[in-house]
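Undergrad: task: produce atomic coordinates for the following.
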Amino acid sequence: MYAVFDYKVPANAGLYQNALNDSSKEARAIRDFAKFGRTWYNVDVQSAAESRKLSRESLVAKLNDWKDSGWIELKPTQRRCRYFIIKELPEDEEEMDKIADQMFSRMEKLEQDEVDRMEGVFTWAANSLCLAKALAIYFDDFDSFPGVEDVCGRCTVCNSGGQPAVVYSHAPPVISEGMIQSVLKATKIRDDARFLARVAFGITSPRITAEKLSKHEIFGIMSQNRWDDVLARFQTVVDQYAAQYPDGPPPSNSQPAQSISTAGVKRKLSSNSAGTAQFTKKLFTGGGSSFKKSYSGGSSQYKKSFKRY
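TA: Residues are numbered from 1 along each chain as shown. Got it, this is the predicted structure:
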């Protein structure tokens, strides 16, 4: 589900006036929440919809209407998975620890699935097998090409005599310690290897936006490296920092904002004996009362807070 869209004035700038003249509630919400950069407007349709008590779908439909009419150029930019708390969290630390572990494992799997999916696309495009047949095999559609020699005869591979549609070969560069240090100089956060790796790799997140790093010059500085290599290197940084400061960062370091994200769900440092339980208690309970105050406020307030989702 895309939560953020970019749009800009088309080559025929006069057509954009139609979007400006659109007086619908959806159009006003889009214009009010759009932020202009150098060329593109950026609008978080989820935030706009919630603020104006409209549906996200209606704002997306309006943007697509403008696009189809030629009034704007449009592109979705950020997908967001939304998670909801549907039951009261347990008081027991061990149970909360299990929840944190489960959430972290699921998000790790989602991340790996995305990497595997992209690698699958590259493998498909660089294969010497008929592209249509390869897709049919992938989706177990053996009826479309029942014979071993059956091919579509129309795709790039078939028309080139069996040559791959693309030649894909990428030798990632060696991890640059200079780049690693550049990322570390840009932020004081040392408890989250995935956060640091996402900054270096150029993958945005709510926490990265809050830290104002998505526009920083180091954002995406290591995008040519392998994700696993970048993550492993920053995990080493985090582990070393945890060993140096087992009781937490020194007072001069500002505390990073809490964020329930792919990396923030479970910051279990291998050298930190407190492990996930300590983090979970801080994140979910705030010492026993702050979580209830923020999310519960009594069961009726809890239900009210999450009903809108």
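Undergrad: how about the strands in the stretch 1-150 of the chain?
TA: 2-8, 35-36, 41-44, 73-79 (DSSP state E, counting those that start in this stretch).
Undergrad: let's see the last one as PDB, backbone CA atoms only.
TA: I take that to be strand 73-79. The C-alpha trace of strand 73-79 is given here as PDB (Å, rounded to 0.1, in the frame of the first residue of the first chain):
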ATOM      1  CA  GLU A  73       2.500  13.700 -13.600                       C
ATOM      2  CA  LEU A  74       2.200  11.200 -10.800                       C
ATOM      3  CA  LYS A  75       4.400   8.500  -9.200                       C
ATOM      4  CA  PRO A  76       4.000   6.500  -5.900                       C
ATOM      5  CA  THR A  77       7.100   6.700  -3.800                       C
ATOM      6  CA  GLN A  78       6.700   4.900  -0.500                       C
ATOM      7  CA  ARG A  79       5.000   1.700   0.500                       C
END
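Undergrad: by contact count, what packs against it?
TA: strand 2-8, helix 56-68 (3 or more C-beta pairs under 8 Å, 6 or more residues apart in numbering; DSSP states H and E). All C-beta atoms are positioned from the backbone trio N, CA, C, and that covers glycine.
Undergrad: what strands flank the shortest one, and is each parallel or antiparallel?
TA: According to DSSP bridges, strand 2-8 forms sheet pairs with strand 41-44 (antiparallel), strand 73-79 (antiparallel).
Undergrad: got the contact list for that strand?
TA: For strand 2-8, contacts defined as C-beta atoms under 8 Å, 6 or more residues apart in numbering pick out 34, 39-46, 56, 60, 63, 66-67, 72-80.
Undergrad: V230 and A200 touch, don't they?
TA: Yes: counting by C-beta atoms under 8 Å, A200 is a contact partner of V230 at 5.4 Å.
Undergrad: so for stretch 105-124, mean pLDDT?
TA: Regarding stretch 105-124, the rounded mean pLDDT is 85.
Undergrad: before we move on, what about stretch 63-81?
TA: 85.
Undergrad: which parts of it are buried?
TA: L63, D65, W66, K67, W71, I72, E73, L74, Q78 (16 or more other C-beta atoms under 10 Å).
Undergrad: can you name the two of the residues you listed that are farthest apart?
TA: W71 and Q78 (22.4 Å; C-beta to C-beta).
Undergrad: okay, the closest residue to D32 other than its chain neighbours: pLDDT?
TA: Take D32 and drop its neighbours on the chain: the residue closest to it by C-beta to C-beta, 6 or more residues apart in numbering is A48, 7.4 Å away. Per-residue pLDDT puts A48 at 91.
Undergrad: how about stretch 122-138: buried residues?
TA: W124, A125, N127, L129, C130, L131, A132, K133, A134, L135, A136.
Undergrad: and the gap between the third one and F145?
TA: The one in question is N127. Separation of N127 from F145 (C-beta to C-beta, to the nearest Å): 14 Å.
Undergrad: any stretches of this protein with poor pLDDT?
TA: 1-2, 78-84, 168, 251-309 (pLDDT under 70).
Undergrad: tell me where this structure has helices.
TA: 16-21, 25-33, 45-52, 56-68, 93-125, 131-138, 156-159, 177-186, 193-201, 206-210, 227-244, 275-280, 290-291, 299-307 (DSSP state H).
Undergrad: and the fifth one, what other elements does it pack with?
TA: Meaning helix 93-125. Using 3+ C-beta pairs under 8 Å, 6+ apart: helix 93-125 touches helix 131-138, helix 275-280.
Undergrad: what's the angle from it to helix 193-201?
TA: Angle, helix 93-125 to helix 193-201, by axes from the mean of the first three to the mean of the last three C-alpha atoms, to 10 degrees: 30 degrees.
Undergrad: check contacts around N225.
TA: N225 sits in contact with P172, P173, I175, A200, F201, where contact means C-beta under 8 Å, 6+ apart.
Undergrad: any idea how far it lies from P10?
TA: 37 Å.
Undergrad: just name the most buried of the helices of the chain.
TA: Most buried of the helices of the chain by mean neighbour count (mean count of other C-beta atoms under 10 Å) is helix 193-201; its value is a mean of 26.
Undergrad: can you name every helix or strand that that helix contacts?
TA: helix 177-186, helix 206-210, helix 227-244.
Undergrad: among the ones you listed, which is nearest G161?
TA: Going by C-beta to C-beta, the one of these nearest G161 is helix 227-244, 35.2 Å.
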